[in-house]
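*Asks:* Could you work out the structure for the sequence below:
(2 chains)
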Amino acid sequence: MNDQSRFFDEMYAGQSEARAPYASYAEWFDSEDLDDLRRKSTDAETFFRRTGITFNVYGQAEAEERLIPFDIVPRIISGREWSKLTRGIEQRVRAINAFLYDIYHRQEILRAGRVPKELIDRNEAFLPQMIGVEPPGGVYTHIVGTDLVRTGEDDFFVLEDNARTPSGVSYMLENRETMLQMFPELFSRIKVQPVGNYPTSLRRSLAACAPTACDGDPTVAVLTPGIHNSAYFEHAFLADQMGVELVEGHDLRVVDGRIAMRTTEGYKPIDVIYRRVDDDFLDPLNFNPDSMLGVPGIMDVYRAGGITIANAPGTGISDDKAIYSYMPDIVEFYTGEKAILQNVPTWRCSEKDSLKYVLDNLPELVVKEVHGSGGYGMLVGPAASKKEIAEFRKKLEAKPGNYIAQPTLALSTCPILTAKGLAPRHVDLRPFALMSPDRITLTPGGLTRVALKAGSLVVNSSQGGGTKDTWVLEE
Amino acid sequence: MLGKTAGGLFWLFRYLERSENTARLIETGFRIALTRPAGADDEWQSVLQTAAVDQLYRAKHGDVDQAKAIDFLLRDTDNPSSVMSSIAAARQNARLTRTALTREVWEAINEAYMALKYTLARPIAPKHLPEVLATVRQHSGLVRGAMHGTMLRNDIFDFCRLGTFLERADNTARILDVKYYVLLPSVTQIGSSLDNVQWETILRAVAGSRAYRWLTQGEITPRGIADFLIFDGRMPRSLRFTVRKIATNLAYLEENYGQRHPCHDQIDILAAQLRHGTIEDVFEEGLHEFLTDFLNNLGHLGGEIERDYRFLG
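*Replies:* Numbering: from 1, shown residues only, chains lettered A, B, ... in the order given. Now for the predicted structure:
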């Protein structure tokens, strides 16, 4: 058993009295019958199954649909904490967007020597096809999901910037929907900021980035790889909530210099495509020629201003974990301000001294692939066996440039409901920011992921994590 | 609307209708087996034939046997028209067209799938069969109810209805065709005791037993049954009714989109035949020939709708 007092608990913080943001909730919780609450917990699962909120797990049978476990104890953030996060995320999103514009144009930041040139040049996520392209409205990162972790009362860190195709927002919305259905009384007792406007904001934000070829009301569509994709539910959900079409590559073709979808009345042009297909699969003519998921020629239409692609191709470079390590410099370079949100200290294994340090301290560190995501291919030193560490050491020595390492953070905990009552589990937070030419909109809340195993620091749903509703209180 | 979505809705409701029809066929076969055990194997043969899976069945099981036939029609995923396969295909299409469905309709379909997947995970003993078949019908009814209560009356609705009625017309025509010989006037003239039970099964298979009695004060004649199932516009599973519905929904699409397609010409011809035809003409032409023509025309119409509304490309 881990010594839980090492970790900051967001509800109790080591005291018997709940912290202020949780005070009303704790009072309500103490007056409730535990058996009733556990029954509600089962109800929630039935609710999710019925609504079909499932995800497909890679590497398992295609038809396998799983639920992400949902915990009924909300994760609560005060209005004051949230405003600081908001400012920090907005600053960071603005900086990332400016960085992307720069590296695909004049590359000032490389000339200034603030980010090493080879980090861009030899990066698979850097798309030469995007050099000199003006994305409509100057926006690259229409949707960003910033992964945050907390280690103390005032200590928030950015763990990852997800500017490629962040997922999980459907859980933010459905988790709230579930809580509203199950505990209506809580919402009259505690003033929680609503998250339900997200789909409307998303549609508005995407429409505001319509390309020059668009005349009239912009037609928006969501592009999905298809029904077998792990996040298909989310793609369908967002299209449904926005009231736009959900398309696949084979529904689309280039017609008169526009991307058009095959409708019952013939081909109709699309103005903005919210794609949930990776860059590499977007266009078999310009990228991976074997891709069946994309649209042949879409990049040419894009470069000619015939369509907006959100997020813009090539944004993935800012998710790179080696680039991440330069984020404080990037923020300062483009905004002229110090970064409001802290970065986690990061060792770049491509650097000789860092590599040595990392190799000497593997059991204490978290090592990640620079291009990795979803919790795949990473080593959590303190949780790994000797054998796992030895195997990872070999991979690391073979290709050090592929890895970065970070200290194992003392992630905050938040209680979940277990058979024996409340028990602390580690959590992270992914708020979602929307960027349009004139503003950044942050929905008050986000996706709280929670490691369901006691002591575990891995919160990814693909690795057995669950989710919680995230409450941001009115100030 | 996307062509793919239109196709998905069309097939979603075809499969849903099919699951209900197959359940009703099983019920009919089971009933015959209970009341006339001697004729049971023949009845299962004609049930398999009606469901157009008799060859598939023989390839897998050989001789017709009640327990195997029921399992094949109900649960077997090697049979693409089994109740389980149909519900799974309906749900798959529903996932594909999720954005065109209301939350209520989607949840009703998803629940039908989950309930049947659970119920049909193991073979069904005869004593549980009536209850299981009732569950299939109930879930189909719930989806239909959610659809009528919550969906906009627009092109989405039209494609759903087209799938329903095309499948239903096909089903009724098949039931009649597989049993056409017991309805021929010559047979009754000979006075063979071939027999009320056969006629009864036809009516049961289309849930028309009570309605027929109600309309005819109980007088069951082969001519009367054929007339009822082909030409009675009040009977929701008759050919006239289902074709009229297909015509209406295609007309809505024509008006809505302002586009007339070859399918509109085809349905007009088919609808006129059923509007003006009489049972005497049909028997004169030959019931089997009439039904064969009808099934062919229906098949062509389905293909034409698929092309005209760009389901595939």
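
*Asks:* And for the nearest residue to A:Pro211 once chain neighbours are set aside, the neighbour number?
*Replies:* Distance criterion C-beta to C-beta, 6 or more residues apart in numbering or on different chains; nearest residue to A:Pro211, sequence neighbours excluded, is A:Pro136 at 4.5 Å. C-beta: built from backbone N, CA, C; applies to glycine. A:Pro136 has 22 neighbours, counted by other C-beta atoms under 10 Å in any protein chain shown.

*Asks:* How much space separates A:Pro136 from A:Met435?
*Replies:* Counting by C-beta to C-beta, to the nearest Å, the separation of A:Pro136 from A:Met435 is 12 Å.

*Asks:* cool, and A:Ala112?
*Replies:* Counting by C-beta to C-beta - A:Ala112 and A:Met435 are separated by 24 Å.

*Asks:* Comparing those two, which residue is more hemmed in?
*Replies:* Per other C-beta under 10 Å, whichever of A:Ala112 and A:Met435 has more neighbours is A:Met435, with 27 against 11.

*Asks:* A:Arg49: neighbouring residues, count only.
*Replies:* 15.

*Asks:* Would you double-check that it falls in a helix?
*Replies:* Yes: membership of A:Arg49 in a helix is supported by DSSP: H, G, I helix; E, B strand; the rest coil.

*Asks:* wait, doesn't it sit right on B:Lys117?
*Replies:* No: when contacts are counted by C-beta atoms under 8 Å, A:Arg49 is not listed as touching B:Lys117 (11.2 Å).

*Asks:* How about the contacts made by the nearest residue to A:Thr443 once chain neighbours are set aside?
*Replies:* Leaving aside its sequence neighbours, A:Thr443 sits nearest to A:Tyr198 (C-beta to C-beta, 6+ apart; 4.8 Å). Contacts for A:Tyr198 were tallied using C-beta atoms under 8 Å, 6 or more residues apart in numbering or on different chains; they are A:Val169, A:Met172, A:Leu173, A:Gln241, A:Phe432, A:Thr443.

*Asks:* Same question for B:Leu239.
*Replies:* B:Leu239 neighbours (C-beta under 8 Å, 6+ apart): B:Ala169, B:Thr172, B:Ala173, B:Leu229, B:Ile230, B:Phe231, B:Leu274, B:Phe294.

*Asks:* Could you rerun that using 10 Å?
*Replies:* When contacts are counted by C-beta atoms under 10 Å, 6 or more residues apart in numbering or on different chains, B:Leu239 touches B:168-170, B:172-173, B:176, B:229-233, B:270, B:273-274, B:277, B:290-291, B:294, B:298.

*Asks:* Point out the ones among these that are inside helices.
*Replies:* Under the assignment DSSP state H, those contribute B:168-170, B:172-173, B:176, B:229-231, B:270, B:273-274, B:290-291, B:294, B:298 to helices.

*Asks:* Give me the three-state assignment for A:Thr165.
*Replies:* Per three-state DSSP, A:Thr165 ends up coil.

*Asks:* Neighbours of it, how many?
*Replies:* Other residues close to A:Thr165 by other C-beta under 10 Å number 20.
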